[in-house]
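In: just the structure for this:
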Amino acid sequence: AKFYRDILGMKVLRHEEFEEGCKASCNGPYDGRWSKTMVGYGPEDNHFVVELTYNYGLSTYKLGNDFLGLTIKSKTAIENAKKHNWPITEEETGCFMTQAPGGYKFYLLNEDQPITDPVQKVTLASSDLQKSVDYWS
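Out: The predicted structure follows:
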């Protein structure tokens, strides 16, 4: 959670520990002890939050190809990355890209963080856009 706290400026909202796998496969195809930590910029009911899942006993995870990144409006996060020597590159004027320790991408807009939720966009891959829209609608 250090990257999310110290670089992105998110807060740990809650943490839960589980002794066995989730019957609904909510922690993936794992059946052992696991935990989840919810992080974000505000309460879960009106802010986008990130669920950090950890499966005990696993040393590596295979990064999927559906989640392409979060776009966050926060020049403070850009400053934090530079201050902590965290890798960050300017993709285009005013838009920087950095990665969480697991490889997930975050796009940081060099603008003041709004009072409301600074998460501006979630980018996902879809092989069939209409099917995805129908599923999530």
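In: can you tell me what sits against stretch 34-47?
Out: The set of residues external to stretch 34-47 that reach it, using C-beta atoms under 8 Å, 6 or more residues apart in numbering, is 1, 4-5, 9-18, 21-22, 27, 48-56, 113, 117-119. In short, each C-beta sits where N, CA and C put it, glycine included.
In: quick check: buried residues in that stretch?
Out: Trp34, Lys36, Thr37, Met38, Val39, Gly40, Tyr41, Gly42, His47 (16 or more other C-beta atoms under 10 Å).
In: mind listing the helices for this structure?
Out: Remark: helices of the chain, listed N- to C-terminal, are 2, 75-83, 129-136; assignment by DSSP state H.
In: just name the most buried of the ones you listed.
Out: Ranked by mean neighbour count under mean count of other C-beta atoms under 10 Å, those are led by helix 75-83, which reaches a mean of 17.
In: now for that helix, which elements pack on it?
Out: The helices and strands touching helix 75-83, judged by 3 or more C-beta pairs under 8 Å, 6 or more residues apart in numbering; DSSP states H and E, are strand 88-92, strand 95-99, strand 105-109.
In: buried set for the last one?
Out: It stands for strand 105-109. Buried residues in strand 105-109, defined by neighbour count with 16+ other C-beta under 10 Å: Phe106, Tyr107, Leu108, Leu109.
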